[in-house]
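In: What would the 3D arrangement of this be:
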Amino acid sequence: MKKTKFMVATSAIGLALCVSGPLYAQENNTDAGSESAEQSVDADASSTSNASDAIVVTGSRIRRPDEFSAIEPLTVINRQEITQSGFNSATDALQSAAVTQGAGQINNAFGGFVTDGGTGANTLGLRGLGPARTLVLLNGRRLAPGGTRGSVVAADLNVLPTAIVDQIEILKAGASSVYGSDAIAGVVNIITNKSPQGLSLEAQINVPQVGAGVDSRLAATFGFETDRLSVAGSVEYRKRRILSRNDVPFYDCPVGGFRDGEGGPFGSGDSVGFDGTPCFTLDNGGVTINTLGAPRRNAISRTTGLVGSFNRFVPAPEVTTGPFPGFLGVDFYSRDTLDPLQEEEPLITAAELYTGFLSASYDLEALGNAEVYGELLVTRRNSSSPLYRQLSLDYLTGSPLLPANLRSGVFLNPTNTSSGQTIAARAFIGFGLTESSQQVDYIRASGGIRGDFVFPDWRYDAFVGKSWNDGRYEIESFLVDRLANSLNVVQNMDGSFSCASQASNAGCVAAPVLNADTIGGRLPEDFRDYIVQNTIGNTQFRETTFSFNVDGPIFAMPGGDAQLALGVEYRKQSIDDRPDENSLNGNLFGLTAATPTIGRDNVKEVFGEVFLPVLADQPFFYRLSLNGSARYTDYASYGSDVTYKIAGEWQPVRGFGFRGSYGTSYRAPALAEQFLGATSGFLGSTADPCDDLPPAADQSPTEVIVARNCASIGLPADFVQRSGITVFRVGGAEAGLAAETSVNWTVGAVATPVLPESVGKLSLALDYFDIKVENGVADLAGGTILGRCYGDPNFDPNAGFCRFVDRDANNALTVTSSFVNLSEDIVKGFEFNGRYSRDILGANFILNANVTKYTEQSSRLFPEEFLTDANGTITQPDWVGNFDATLAMKNGITLRYGLDWIDGDRNRTYEFFAFDEQTGITDPDLVQSNRDNFVLEVPNYFLHNASVQLNADRFEMTVGVRNIFNTAPPQITSIGFNTIGNAALYSGYDYVGRTFFANVNFNFK
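Out: As a prediction, this is how the structure comes out:
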């Protein structure tokens, strides 16, 4: 079962990562509320206005009357909806299912993984295409990437202000011709309140029912205006306390979750550990501790009491007889795998954030009634994520630290801590928690001048902006050289031990002798202090932008004035990540190491957009409008390209219309994808697919393929890998990494019928979307490469995935992965938006519905492969819905009820794991095997929330509950997906449970 798990898992995770970005374990252990309905052609929700009679909406640079405000699907969420939904930050609202529509996000549940932007960063990706393909704007301007470590590729949502947010606009369509690179899946624009009056004080607290993980925020918003000067700003402080796994009962007993036949209960096929329960085995949640690894020998079995042959043992001082006194033999399930300290790792990481925002404008009464404007955003994030560490001490053959009966054997080949010598024994030790923290300072300063241009009703806007991201990341790590020094010892005359290098390394502390205390983690304090050091790295990211654009009417048309916008933009970026010296030297034991990531790039762009109101108020042409945009892009690194987009809207009669768009987009690889310093990672020896395969009669269909491929390169059937696997991850600039291109088209219908006032107002929209990304930048995980190489029915050791694998003369594996242009990603589906409102007994009732049905979410890594469709699998649901109802009464009380819904295909995940991308065939036998052994189907998942808001003259209070019914994430077999407890690691699930919230706001005007 173990090897079957590995092969299935690597295949699944690999495909998932190609869609959402790389995800690695840090350590080596062997709803946005009553979202307003999608903007229709008659809707009046919009962005900032440049003139009293015109607005600019996200997805366009042209001012236009509000009746022409949105040709493309646009969702708008306002501040009240965020508050009533119980979100304590703009980040939480943006990562809710209402915005993401089921697409997985990197959020605060990923503390134990290495992710883009580093631990604590929160990112946003639409349509399941990842954060690098979604453009985030603040007041219509690009938000520069932020975070720590070398892989800074996308905006960190933590830098956003919350208190002063007025509304959020989400355009789920490509917009590179309007905004440039990255706007492939869509654009999210966070718009602040430009004219708050007086002073507002706000406080919010979110308290999980379990009592831990309290999230609180204090904020002040202020603003004033004179005849010529306008100022608005906010200051905020937020503190989110850690929520550990042992705080939430749902995670008390992670199990493998296997079953003993199709239809069998969850966990019915699980093996039990030495304590008689299936909890915390190595199948899920456990880590080998308090265990000795040594050459195979006879010992009394821990579980049966009979003598058998073992290569893993646990200390047993009470055993004084038998072939191996002091120890009992253990196997995969009977070894020790739980240290209570490990469950103090965060389920939700802790963070402390300070945010200041200031915007101002001043009328010059000159230069064409010009207005000088500026913005300043300043933030600091302090976050932390304690990490439980397993320590492997490799005792050298012949070491005096070993008992005499263990000194002469060879258990493992030399490792980086064995001073070139073979290893006689390995102690698997539960070391405990180590600290990991991040501090990120982010500043964005921008300003410009805008006013009347030389032609009538034309406007100009000249803008300059600069962003600074300075991150510091610290992590306590074992050091390779110190472990090596401490394990290479000599015995002194008095029987004590000293490091062999003591003369040149006076501070060296010898490792403890191998005994029950050492194996059990009761290590001398001076030894613990010696082998662990706090390592520190620093990340700088800079972005500078200059732009100039003009817009205005060009000629009259039957439907109104045709509008034109023209502009130029120059943008440059640089990254400089300097890991700790021990990382540079490859001296981190059991953690990924990296070399500096240093690079820069710049782009020059020219763009234009035209809006043509062709007809209006004519029979069968109540409104006919066209919009076109184009952009020429010239990157210093990749050369030039042209993107374009055409969109149109036709309303044959008032209240009913059709809309559509077709466009191309372009994404230059991020600096990290180009220049990422060589990052060394690792996989355990068991990650070698050829390692320790079961007998032929017991092999699964996948293992049969693996065994055949391993034999074809000369490996024996009983091959055991004795070396760890080295994985190198590097940037792709030297390999000729090219830019991504995509095609995005939508077509839809909108109905906003004119109804009697007694009936109410109704707005309906249904859109079909189709996005195809070609030449996609892919970063393959080491485990994915190995699994796909040796699991390939058409195995070629020098082609396909195997081209990235090297097996040397000693059968030690090295896997090299760089960012490459391989992948193709396709996302298709339908999105429905509905809104109904009417007055009921003096109160205003509003019902919103947003439902997305994905019909395809497919990808492939190599051009010769068949597309693999993950649509409907557990973390890529094919149905996602958000519904809410509000009742606003005249007495100032507003009631709200919201519902999030996620559903997938019950069969899809089983079939997904049985699909062969080389042949395009789904193996029915493997599908049945998956059904017999695994639970990879989940029921409909619903999250309910409700709130009550009281709005008085200068006081507003909102109280409510999120996840009213304390719904836990659905359980799955721990295979193929990263899991938390028995739930898939997926941002669409609520890991916290029922949470109470309260928000108060005092206005002083």
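
In: residue boundaries of the strands in the stretch 501-650 of the chain?
Out: 532-557, 560-578, 588-589, 593-594, 597-618, 621-635, 639-653 (DSSP state E, counting those that start in this stretch).

In: Show me how far the longest one is from its chain's centre.
Out: Taking Cα atoms, centre = their mean, to the nearest Å, one finds strand 532-557 lying 22 Å from the centre of the chain it belongs to.

In: Just give the strands next to that strand in its sheet, each with its orientation.
Out: Within its sheet, and counting by DSSP bridges, strand 532-557 is paired with strand 459-479 (antiparallel), strand 560-578 (antiparallel).

In: TSV for these, including mean neighbour count?
Out: C-beta here means a position set from N, CA and C on the backbone, and glycine is covered the same way. Converted to TSV, the strands paired with strand 532-557 look like this (neighbours: other Cβ atoms under 10 Å):
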stretch	mean neighbour count
strand 459-479	20
strand 560-578	19
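
In: Kindly provide the whole-number mean pLDDT of stretch 808-827.
Out: Throughout stretch 808-827, pLDDT has a mean value of 85.

In: what about it, distance to the chain center?
Out: 21 Å.

In: Pull up the distance across it, start to finish.
Out: Using Cα to Cα, to the nearest Å, the end-to-end distance of stretch 808-827 comes to 41 Å.

In: Renumber starting at 798 from here on
Out: OK, 798 is where the count begins now, so the last one is stretch 1605-1624.

In: list the buried ones in that stretch?
Out: Buried residues in stretch 1605-1624, defined by neighbour count with 16 or more other Cβ atoms under 10 Å: 1608-1610, 1612-1624.

In: same check, this time on stretch 1588-1601
Out: Buried residues in stretch 1588-1601, counting neighbours by 16+ other Cβ under 10 Å, are found at 1588-1589, 1592, 1597-1599, 1601.

In: Flag the least confident of those.
Out: The member of the buried residues of stretch 1588-1601 with the lowest pLDDT is residue 1597, at 79.

In: What separation is there between it and residue 1420?
Out: 53 Å (Cβ to Cβ, to the nearest Å).

In: Please apply the same query to residue 1094.
Out: For residue 1094, the distance to residue 1420 (Cβ to Cβ) stands at 85 Å.

In: which residues does the residue lying closest to residue 1668 once chain neighbours are set aside contact?
Out: Once flanking residues are discounted, residue 1668 sits nearest to residue 1654: 4.2 Å by Cβ to Cβ, 6 or more residues apart in numbering. Residues near residue 1654 by Cβ atoms under 8 Å, 6 or more residues apart in numbering: 816, 925, 1623-1624, 1666-1668, 1673, 1675.

In: before we move on, what about residue 902?
Out: By Cβ under 8 Å, 6+ apart, the contact set of residue 902 is 892, 919-922, 928, 1784.

In: Out of these, which sit inside helices?
Out: Among the contacts of residue 902, no residue falls in helices (DSSP state H).

In: could you flag which of those are buried?
Out: Here, 16+ other Cβ under 10 Å leaves 892, 919-922, 928, 1784 buried among these.

In: tally of neighbours for residue 1025?
Out: Residues lying near residue 1025 (other Cβ atoms under 10 Å) number 11.

In: Switch the contacts of residue 1654 over to a markdown table; also include distance to residue 1539.
Out: Formatted as a markdown table, the contacts of residue 1654 follow (distance: Cβ to Cβ, whole Å):
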| residue | distance to residue 1539 |
| --- | --- |
| 816 | 14 |
| 925 | 14 |
| 1623 | 10 |
| 1624 | 10 |
| 1666 | 18 |
| 1667 | 18 |
| 1668 | 18 |
| 1673 | 19 |
| 1675 | 21 |
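
In: Output the residues you listed in a markdown table, with secondary structure appended to each entry.
Out: Converted to a markdown table, the contacts of residue 1654 look like this (DSSP: H, G, I helix; E, B strand; the rest coil):
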| residue | secondary structure |
| --- | --- |
| 816 | helix |
| 925 | coil |
| 1623 | strand |
| 1624 | strand |
| 1666 | strand |
| 1667 | coil |
| 1668 | coil |
| 1673 | strand |
| 1675 | coil |
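
In: From the residues you listed, pick the one nearest residue 1486.
Out: Within the contacts of residue 1654, the smallest distance to residue 1486 is 22.2 Å, found for residue 1667 (Cβ to Cβ).

In: gap between the closest one and residue 1700?
Out: With distances taken as Cβ to Cβ, residue 1667 is found 15 Å from residue 1700.

In: any chance of the contacts of residue 902 in TSV, plus distance to residue 1343 and pLDDT?
Out: What follows is those, written out as TSV (distance: Cβ to Cβ, whole Å; pLDDT from 0 to 100):
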residue	distance to residue 1343	pLDDT
892	32	94
919	29	95
920	26	96
921	26	95
922	28	95
928	25	93
1784	36	93
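
In: most centrally placed residue in the protein?
Out: The centroid of the chain falls nearest to residue 903 when counting by Cα atoms, centre = their mean (2.2 Å).

In: Roughly how far does it sit from residue 996?
Out: Distance of residue 903 to residue 996, computed by Cβ to Cβ: 36 Å.

In: go on, residue 1206?
Out: From residue 1206 to residue 996 the distance is 75 Å (Cβ to Cβ).

In: Looking at these two, which is more packed in?
Out: Neighbours of residue 1206 and residue 996, each counted by other Cβ under 10 Å, are more numerous for residue 1206; the result is 17 against 14.

In: Show me where the chain has its helices.
Out: 799-817, 876-881, 887-891, 894-897, 973-976, 1277-1284, 1313-1316, 1322-1328, 1378-1381, 1468-1472, 1498-1509, 1579-1587, 1705-1710, 1721-1730.

In: out of these, nearest to residue 1748?
Out: Smallest distance to residue 1748 across the helices of the chain (Cβ to Cβ): 9.0 Å, for helix 876-881.

In: What helices and strands are in contact with that closest one?
Out: For helix 876-881, the elements it packs on are strand 962-968, strand 1738-1748, strand 1752-1759, judged by 3 or more Cβ pairs under 8 Å, 6 or more residues apart in numbering; DSSP states H and E.

In: hang on, the earlier thing: could the helices of the chain be laid out in TSV, adding mean pLDDT?
Out: TSV is the format used below for those (pLDDT from 0 to 100):
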stretch	mean pLDDT
helix 799-817	37
helix 876-881	94
helix 887-891	95
helix 894-897	89
helix 973-976	92
helix 1277-1284	97
helix 1313-1316	97
helix 1322-1328	97
helix 1378-1381	92
helix 1468-1472	89
helix 1498-1509	91
helix 1579-1587	87
helix 1705-1710	95
helix 1721-1730	94
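
In: Quick check: which of those helices is nearest to residue 1048?
Out: Ranking the helices of the chain by proximity to residue 1048 (Cβ to Cβ) places helix 799-817 first, at 20.1 Å.

In: related to what we said a few turns ago, more neighbours: residue 1094 and residue 1420, which one.
Out: residue 1420 (23 against 16).

In: surely that one meets residue 1454?
Out: Yes. Taking contacts as Cβ atoms under 8 Å, residue 1420 lies within contact range of residue 1454: 6.9 Å.

In: Surely residue 1191 is in contact with residue 1218?
Out: No. The pair residue 1191 and residue 1218 fails to qualify as a contact (Cβ under 8 Å) at a distance of 9.3 Å.

In: more neighbours, these two?
Out: The neighbour count for residue 1191 versus residue 1218, taken as other Cβ under 10 Å, is higher for residue 1191 (25 against 17).

In: any idea of the pLDDT on that one?
Out: Note for residue 1191: predicted pLDDT of 96.

In: Spatially nearest residue to it (excluding sequence neighbours)?
Out: What sits nearest to residue 1191 in space, not counting adjacent residues and going by Cβ to Cβ, 6+ apart, is residue 1220, at 4.5 Å.

In: Quick check: nearest residue in space to residue 1664, chain neighbours excluded?
Out: Nearest to residue 1664 is residue 1655, by Cβ to Cβ, 6+ apart, at 4.2 Å.

In: Let me see the contact set for the one you found.
Out: 1622-1623, 1664-1668.

In: and if you look at residue 1506?
Out: 1587-1589, 1592 are the contacts of residue 1506 under Cβ under 8 Å, 6+ apart.
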